[in-house]
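Engineer: need a 3D model of the following:
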Amino acid sequence: MNNLQNILCIFFFIPFVWSDQLQNQRGMTNLLGYETYQRCSEQMSNPESKIYELSYKRTSTMPLSPFAGEYKPKFLPEIPWAGSKQVFTMDVLNENVNDGNQGTQMDALGHFGYTDEVWNGEGVADLSSLKYFGDLKGKDVKPTPDSPLKKLGIETVPPIITTAVFLDVRKHIFNGIAMKAGEYVTVKHVEDTIKKTSLKDRGILPGDVILINTGWSDNYQDPDELGIYYKKAPGVSYNLVKYLSEKKVVGVGLDTWGVDTFADEDEYGPERAQNPDGIANPAHHYFLTQSGVHTLENFNLKGLSQDNVELSCVIILPLMTEGSAASPIRPVAIGKGT
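Structural biologist: So this is what the prediction gives:
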């Protein structure tokens, strides 16, 4: 039995036991289980399969999100152990800052909520109507401004082990040209990409993870000397968000920092008109608060694109940081190119 099969066997027989209360917080990840593991076995047991890293190295010089805290790893001096020959080293992941939203990461369902009324930006926002996924009330999810998430935190996410459908819209729709800021990946783009690949007979199945290559990662540089990556981005259209939610996918990841589309006013495509009123980030809103689909950000999809790996087994393990709204992750895909 090879190493991939050993890994698979370990995951097959992990006894996941979840209470009804926890299941209610898991959204689409309730679909994960034997069926998705079995789909993975085809990829993991293929001797021609390779392992693809889908994350970037976490460094102090990588592109940093302006919406999260600074990333300041602190490395401590060597520490000799009294009465021993041993010396050990330690580091602080981030000095006094939560960096769950930096680097390759995923959002918990509690990352976004919504209220009944639009706040105009003046005075104190009225959060009395605040709701989260599953119509959970704001006070039940985050009782006080400085409390961790009491529900829908990242620790409620199970290990994600399922098949990943890779949609290289850059290659199949935009003729190898990277998408521009303000452009949207549409339902037609996804359906046309599937028709052009080995996925045409399979399509998208419940429990899949969807990975979309836009080409925006061309702007990801480390060190981030130009500072372009986080200024703008292409993203998914609102109709595509609903389409993928109806397909009951577990997570949607792009080679961008936000899944949503960000650009100057005159750069947005016509698909922006699909967005509901009063919702600034429609993909985050619908995925996280309505359908229970996790948003996956800053994915490195270049290896999958280069080798045409259209279907793979993906393993995503968020940190079990109690009450956190996001987590850094090191996702890997195991599959064979076409």
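
Engineer: quick one: mean pLDDT over stretch 221-241.
Structural biologist: Computed over stretch 221-241, the mean pLDDT rounds to 95.

Engineer: list the buried residues in that stretch.
Structural biologist: By 16 or more other C-beta atoms under 10 Å, the buried positions in stretch 221-241 come out as 224, 229, 230, 232, 233, 234, 235, 236, 237, 238, 240, 241. C-beta here means a position set from N, CA and C on the backbone, and glycine is covered the same way.

Engineer: in helices, which of those fall?
Structural biologist: Among these, DSSP state H puts 238, 240, 241 in helices.

Engineer: what sits against the second one?
Structural biologist: This means residue 240. Residues in contact with residue 240 (C-beta atoms under 8 Å, 6 or more residues apart in numbering) are 184, 185, 186, 187, 189, 190.

Engineer: and what of the last one?
Structural biologist: Contact criterion C-beta under 8 Å, 6+ apart gives 252, 282, 283, 286, 287 as the residues in contact with residue 241.

Engineer: 10 Å instead?
Structural biologist: Residue 241 makes contacts with 187, 235, 252, 259-260, 274-275, 282-287, 290-291, 293, 295, as judged by C-beta atoms under 10 Å, 6 or more residues apart in numbering.

Engineer: what of residue 271?
Structural biologist: Here residue 271 is in contact with 182-187, 235-240, 261 (C-beta under 10 Å, 6+ apart).

Engineer: change it to 7 Å
Structural biologist: Contacts of residue 271 were listed using C-beta atoms under 7 Å, 6 or more residues apart in numbering, and they are 184, 186, 237.

Engineer: work out for me the element the residue positioned nearest the centre of the chain sits within.
Structural biologist: Per C-alpha atoms, centre = their mean, the C-alpha nearest to the average position across the chain is that of residue 296, at 0.9 Å. Assigned by DSSP states H and E, residue 296 belongs to strand 294-297.

Engineer: any idea how far that strand is from the chain center?
Structural biologist: From the chain centre to the centre of strand 294-297 is a distance of 2 Å (C-alpha atoms, centre = their mean, to the nearest Å).

Engineer: just the C-alpha atoms of that strand, please, in PDB.
Structural biologist: What follows is strand 294-297, C-alpha atoms only, in PDB (Å, rounded to 0.1, in the frame of the first residue of the first chain):
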ATOM      1  CA  HIS A 294     -17.100  28.500   2.700                       C
ATOM      2  CA  THR A 295     -15.200  31.200   0.900                       C
ATOM      3  CA  LEU A 296     -11.500  30.200   0.100                       C
ATOM      4  CA  GLU A 297      -9.100  32.900  -0.700                       C
END
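
Engineer: who does that strand touch, helix- and strand-wise?
Structural biologist: Judged by 3 or more C-beta pairs under 7 Å, 6 or more residues apart in numbering; DSSP states H and E, the packing partners of strand 294-297 are strand 105-107, strand 251-254.

Engineer: thank you, goodbye.
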